[in-house]
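Visitor: One predicted model, sequence on top.
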Amino acid sequence: MDETASSAVSSLDLAWGQPSTLAICEQCDWAFVVAAESLPPQCPHCFRASLTPIEASADLLPRLRPPELMLPFTVSEAAVLQAIQNFAQGGWFAPRDLTPRNLHARLQRIYLPMWLVDGKVEAQWQAEVDFDYEVVSHQNLYSDSRGWREHAVTEKRIRWERRLGRLRRAYANVLAPAMEEHAHILRQLGAFAVERSQAATPQGYAGALVRLPNRLPQDAWSDAQAGFQAAAAAECQQAAAAQHIRAYQWTPKFSDLNWTLLLLPVLTSYYLDDERQPVTVMLHGQSGRLSGLRRASMKRAQTAALWIGAIATLIFVLSVLLAGAALFFPPLLVLAGAGMLLAGVVGLSAVIPLLVSWNVNRKNRQAASL
């Protein structure tokens, strides 16, 4: 370890307020800060490989910045258990490993990073704003009982007008992603109540793994600019007393930018599919919303299909025996015919479990590709 890396390790312990280790998953490339001697047996993101301790290097130094703010885990244990139970029991032909007990036993607490940006903006702007107004017209309508009558008809219309002006404002806590996967995770779990953030402390993230950013401020600046522009457009719309705004353009100059690293609370777990491969599920640490692919087991569907086929075969055999007995007691021939018809219907239904499982997994593959 060179002098820079050695200094980074000691600085890491000092900055994070506890002896800490850097670790990375060689399967999914997620890197974490972990409390020393608390390395979990599996990566809490993909659960497909172990975390490998790594040394601090020069290229990692910008990513080792400790968090200033964090959102604590506020979801109750009862809500976690309910979400897990709903997920595990919410579909047909679940893999045998997908049980509430397994999901709960494998839970890992992690924190995901996100940037908050404060800054001042001076800009010239122009946009189109609309104003809703009502127009009253009159129509003559005929009815058998009243004859011709005049009725007032109120129509809502929109008037677009061009506006321009100058803006000088300070904005706080503009969101910007610190991870490439940020948008995908938010689509899965939903937004976090950033306004409830508090100062980050070693006690606050003790026992959890903290994901390192893979987007530094210079990489996330384009997203931050979009956030500043959206906030400015909303204020310009409010200042114009308009109902909507469109085609907002501005020429901003930014100053006094301050970047803050915020930690988002997430729980992760997994179950094993038919091929014994882990499937990750994630749970929002505030709302308790759980998201993950819920795959169907083709093995269980095949077993169900075989049982249905066996029942159909049994009905058919009994029907044949009844048909033979009808030689001596003709009324049994009606029962034999009904039994053979029933055997055919039951036999055809044996494909239903296979079709259901295939359709569930097809939809999962489509969802995973989005």
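Guide: Looks like it arrived, so ask away. Numbering: from 1, shown residues only.
Visitor: Which residues outside stretch 198-206 are in contact with it?
Guide: If you take C-beta atoms under 8 Å, 6 or more residues apart in numbering as the criterion, stretch 198-206 is touched by 16-18, 35, 66-72, 111, 263. Yep, even glycine has a C-beta here, placed from its N, CA and C like the rest.
Visitor: at 10 Å instead, please
Guide: Residues outside stretch 198-206 that contact it (C-beta atoms under 10 Å, 6 or more residues apart in numbering): 16-18, 20, 33, 35, 38, 66-73, 109-111, 210, 260-263, 265.
Visitor: Going by neighbour count, which residues in the longest helix along the chain are buried?
Guide: Longest helix in the chain, counting residues (DSSP state H): helix 298-325. With burial defined by 16 or more other C-beta atoms under 10 Å, the residues of helix 298-325 counted as buried are 298, 300-302, 304-305, 308, 311-312, 315-316, 318-319, 322-323.
Visitor: from the contacts of stretch 198-206, which would you call buried?
Guide: 16, 18, 20, 33, 35, 66-67, 69-71, 73, 109-111, 210, 260-263, 265.
Visitor: circling back: right, and out of the buried residues of helix 298-325, which lies closest to Gln124?
Guide: Top of the list for closeness to Gln124, among the buried residues of helix 298-325 and by C-beta to C-beta, is Met298 at 61.2 Å.
Visitor: thought that closest one was touching Pro353?
Guide: Yes. Look at Met298 against Pro353 with C-beta atoms under 10 Å: they come within range, at 9.1 Å.
Visitor: which neighbours do these two share?
Guide: With C-beta under 10 Å, 6+ apart as the test, Met298 and Pro353 both reach Phe93, Ala305.
Visitor: Neighbours of Lys45, how many?
Guide: That one is not Lys; residue 45 is His. 25 (other C-beta atoms under 10 Å).
Visitor: ok, the closest residue to it other than its chain neighbours - contacts?
Guide: Excluding the flanking residues, the one nearest His45 by C-beta to C-beta, 6 or more residues apart in numbering is Trp30, at 4.6 Å. Counting by C-beta under 10 Å, 6+ apart, Trp30 touches 23-24, 43-46, 51, 110, 112, 179, 181, 209, 211-212, 214.
Visitor: how near is Trp30 to Met179?
Guide: Distance, Trp30 to Met179, by C-beta to C-beta, to the nearest Å: 9 Å.
Visitor: where do the contact lists of the two overlap?
Guide: Between them, Trp30 and Met179 share the contacting residues Leu112, Arg211, Leu212, Asn214, judged by C-beta under 10 Å, 6+ apart.
Visitor: Nearest residue to the second one in space, please, no chain neighbours.
Guide: Going back to what we said before, that points to Arg211. Leu112 is the one closest to Arg211 (C-beta to C-beta, 6+ apart), at 5.1 Å.
Visitor: by contact count, what packs against the one helix or strand that neighbour maps to?
Guide: Counting by DSSP states H and E, the element that carries Leu112 is strand 108-143. Applying 3 or more C-beta pairs under 10 Å, 6 or more residues apart in numbering; DSSP states H and E, we find strand 108-143 packed against strand 31-35, strand 69-70, strand 147-177, helix 182-189, strand 209-211, helix 217-239, strand 244-272.
Visitor: Strand partners (parallel or antiparallel) of the second one?
Guide: Think strand 69-70. strand 198-199 (antiparallel), strand 244-272 (parallel) (DSSP bridges).
Visitor: Point out the most buried one among the helices and strands packed on strand 108-143.
Guide: Among the helices and strands packed on strand 108-143, ranked by average contacts under mean count of other C-beta atoms under 10 Å, first place goes to strand 209-211 (a mean of 22).
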